[in-house]
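Visitor: Pasting the sequence and the predicted coordinates here, then a few questions.
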Amino acid sequence: MDSCVRVSEMLKVLFVLAFLLGSSLAGNFYKDVTITWGGPRAQILNGGQVLSLSLDNVSGSGFQSNNEYLYGRFDVQLKLVPGNSAGTVTTFFLASQGSAHDEIDFEFLGNSSGQPYTVHTNIYTRGVGNREQQFRLWFDPTVAFHTYSILWNSQNIIYMVDNIPIRVFKNYAAYGVAFPTSQPMRLLASLCNAEPMTTQGGRVKTDWTKAPFTATYRNYNATGCVVSATGTNSCNGAANSQAWLTQGLDANGRNRIRWVQQKQMIYNYCTDVKRYPQGLPKECRLPRF
């Protein structure tokens, strides 16, 4: 069996496992989130198991989690806008409030028919981002649902697709690298028009004759330390044995993320020496995994 076949079979197995995990833990959109904008363009369906977001030439739409979290694992299955999605951006991300906010971004930048989506990731701490990594997916994300996950604990931020890690950002606070550790964040999602920057730097415009554009979310699950309005943290004082609290990358995870970053990564701020003529950011000079 050649290496391409082995990789293909591995990805199929991981997708099935991720689907079963997402199905068994899925929450309910009616109780877990609030539609925050877009009016009827956002709809909760199938008894709370599915949420669709739409975009037309008037408005997009979005929702946010009812809870705020200080660390957690956040999973959702998502089917992206099919066909010509140029100018659109579909998101799934964590964010705190205020100008000095923390944020962990998963953004899916649309493209012309037949062209691949760009998966854009970025991490903000205290209002400062500039930590972009971008990827192409190894499948068509518009044909079927796939699972996208953000794991955030005190040691790591890990982005996963179908339970395969694509990016890790380690806590190097001891070396003077800012890491989100103190600001509770909500999970947010949206579908909106970002024509000036989304598709080929804005060169490809949104074709509004194709509207409404629709993305569909299902099997949403948030497992984390819930912070109440009074500041109480649900994980404090508890003997919490959930795996995500200390999860990092094992040997298999490191092998998989190397494959993704070698084959699917299209931009990495840590290799952009033209952007940083005075030297790359400190975290780029420390062990990646």
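Guide: That came through, no problem. Numbers count the residues shown, from 1 in each chain.

Visitor: List the residues that contact the closest residue to L109 other than its chain neighbours.
Guide: Of all residues not flanking L109 in the chain, T118 sits nearest, at 4.2 Å (CB to CB, 6 or more residues apart in numbering). (C-beta placed from N, C-alpha, C; glycine too.) T118 sits next to F108, L109, N111, Q134, F135, R136, I266 when contact means CB atoms under 8 Å, 6 or more residues apart in numbering.

Visitor: where does L188 fall, helix, sheet strand or coil?
Guide: strand (DSSP: H, G, I helix; E, B strand; the rest coil).

Visitor: wait, it sits on N66?
Guide: No. With contact defined as CB atoms under 8 Å, L188 does not count as touching N66 (11.7 Å).

Visitor: where exactly do the helices run in the stretch 151-289 of the chain?
Guide: Assigned by DSSP state H, counting those that start in this stretch, the helices in the stretch 151-289 of the chain fall at 251-263.

Visitor: Same check on the stretch 1-150 of the chain?
Guide: According to DSSP H, counting those that start in this stretch, the helices that the stretch 1-150 of the chain contains are 3-25, 29-32.

Visitor: buried set for the last one?
Guide: Judged by neighbour count (16 or more other CB atoms under 10 Å), helix 29-32 contains these buried residues: F29, D32.

Visitor: In CSV, list the C-alpha atoms belonging to it.
Guide: Written as CSV, here are the backbone C-alpha positions of helix 29-32 (Å, rounded to 0.1, in the frame of the first residue of the first chain):
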residue,chain,number,x,y,z
PHE,A,29,-29.0,25.3,19.5
TYR,A,30,-32.2,26.4,21.2
LYS,A,31,-30.7,26.2,24.7
ASP,A,32,-27.0,26.7,23.9
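
Visitor: residues making contact with that helix?
Guide: 44, 47-51, 63, 65-67, 217, 220, 222.

Visitor: Show me which helix or strand of this structure is least confident by mean pLDDT.
Guide: When each helix and strand of the chain is scored by mean pLDDT, DSSP states H and E, helix 3-25 comes last, with a mean of 39.

Visitor: what's across from T34 in the sheet?
Guide: Q64 (DSSP bridges).

Visitor: My read is that it contacts F63, right?
Guide: Yes. Counting by CB under 8 Å, T34 touches F63, with 6.3 Å between them.

Visitor: Give me the distance between the nearest residue to P116 once chain neighbours are set aside and N84.
Guide: Spatial nearest neighbour of P116, excluding adjacent residues (CB to CB, 6+ apart): R136 at 5.0 Å. Here the criterion is CB to CB, to the nearest Å. By it, R136 lies 18 Å from N84.

Visitor: ok, these two, which is more surrounded?
Guide: N84 (20 against 13; other CB atoms under 10 Å).

Visitor: what's the closest non-adjacent residue to the more buried one?
Guide: Using CB to CB, 6+ apart, the nearest residue to N84 is S113, at 4.4 Å.

Visitor: From what I see, that neighbour and G83 are in contact.
Guide: Yes. Judged on CB under 8 Å, S113 makes contact with G83 at a distance of 5.4 Å.
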